[in-house]
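**Student:** Structure for this input, please:
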Amino acid sequence: MQNIPETVKHLLIINVIFFLATLVLGDIVYDLFALHYPSNPKFEFWQPLTHMFMHGDFSHIFFNMFGLYMFGTPIEQMWGRKKFIFFYLSTGFGAAALQLGLYYYQVTQVLDLLAAQGLSGSQIATFFETRDLSYSIIEQIGREALLEGLSTFNSVMVGASGALYGVLVAFAFLFPNARLMLLFPPIPVKAKVLVPILIFGDLFFGFTSYSIGPIAHFAHVGGAITGLIMLWYWKKTQFDQNRWN
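**Tutor:** Have a look, this model is predicted:
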């Protein structure tokens, strides 16, 4: 790991440590460090940060860490460690914010439906805690809508993907004509073409029911948007580079 810059190296190590902890200790690590819905009893204030270092399985962490190594290395070498870690964490927070905003909308819809049927605040809280679908009003409201709200309330967000999308945007911004080799099919594509395709793909899957697996597509989009805004601001204002030294 001699050629890997310090911040990328440390991020790789921290992610691996968290992943090994999940293998050894199991669900307790997810309960403490994965990002839960803010009203969920398992939510803790540190989770918007720690969820970036959590992963669901080996393939999840492998591809995220491979992407961090491939694209984060040249960016940190160009920016330096302070600017890179600020950018990386900021895009991770932006990713969480957009996904939680979507979750808030979904849960609020269910809350409004239950309140409109005359359930009190304590009854609604009990409903979310027990996930009891035996209420007589369930069929009136719609089982599908309630299940979606319950799923969102008890959702768990993990992964560095949101921050990685910010890194991908930065790479395409700094090295737009760099050719990246696709796996399927194995053809080279310029970064300025591939990265927008990935983002639009997440928008498509996020707004449709064609998603493959429990992927937080809007977290990807949130990381990308946050990264784009920061890059635009830095370029427009010619942000003082000396403050990162």
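
**Student:** what's the closest non-adjacent residue to residue 31?
**Tutor:** Leaving aside its chain neighbours, residue 31 sits nearest to residue 42 (5.4 Å; criterion: C-beta to C-beta, 6 or more residues apart in numbering). Where you see a C-beta, it was placed from the backbone N, CA and C, and this is true even at glycine.

**Student:** The one you found: neighbour count?
**Tutor:** 14 (other C-beta atoms under 10 Å).

**Student:** That one belongs to a strand, doesn't it?
**Tutor:** No: checked against DSSP: H, G, I helix; E, B strand; the rest coil, residue 42 lies outside a strand; its state is coil.

**Student:** hang on, isn't it packed against residue 36?
**Tutor:** Yes: counting by C-beta atoms under 8 Å, residue 36 is a contact partner of residue 42 at 4.5 Å.

**Student:** what about this structure, any weak spots by pLDDT?
**Tutor:** Where the chain drops to pLDDT under 70, the residues are 1-2, 119, 130-145, 209-213, 239-245.

**Student:** is it true that residue 226 touches residue 91?
**Tutor:** Yes: applying C-beta under 8 Å, one finds residue 226 in contact with residue 91, separated by 4.7 Å.

**Student:** Give me the common contacts of those two.
**Tutor:** residue 166 (C-beta atoms under 8 Å, 6 or more residues apart in numbering).

**Student:** Mind checking which of these two has more residues around it?
**Tutor:** Ranked by neighbour count (other C-beta under 10 Å), residue 226 and residue 91 place residue 91 first, with 29 against 25.

**Student:** Quick check: that one vs residue 127, distance?
**Tutor:** 35 Å (C-beta to C-beta, to the nearest Å).

**Student:** neighbours around residue 124, how many?
**Tutor:** 16.

**Student:** I misspoke; the intended subject was residue 163.
**Tutor:** By the criterion of other C-beta under 10 Å, residue 163 has 29 neighbours.

**Student:** which residues does it contact?
**Tutor:** 52, 88, 89, 91, 92, 95, 223.

**Student:** Was I right to think the last one contacts residue 165?
**Tutor:** Yes: A contact is recorded between residue 223 and residue 165 when judged using C-beta under 8 Å, the distance being 3.9 Å.

**Student:** any shared contact partners between these two?
**Tutor:** With C-beta under 8 Å, 6+ apart, residue 223 and residue 165 have common neighbours 91, 95.
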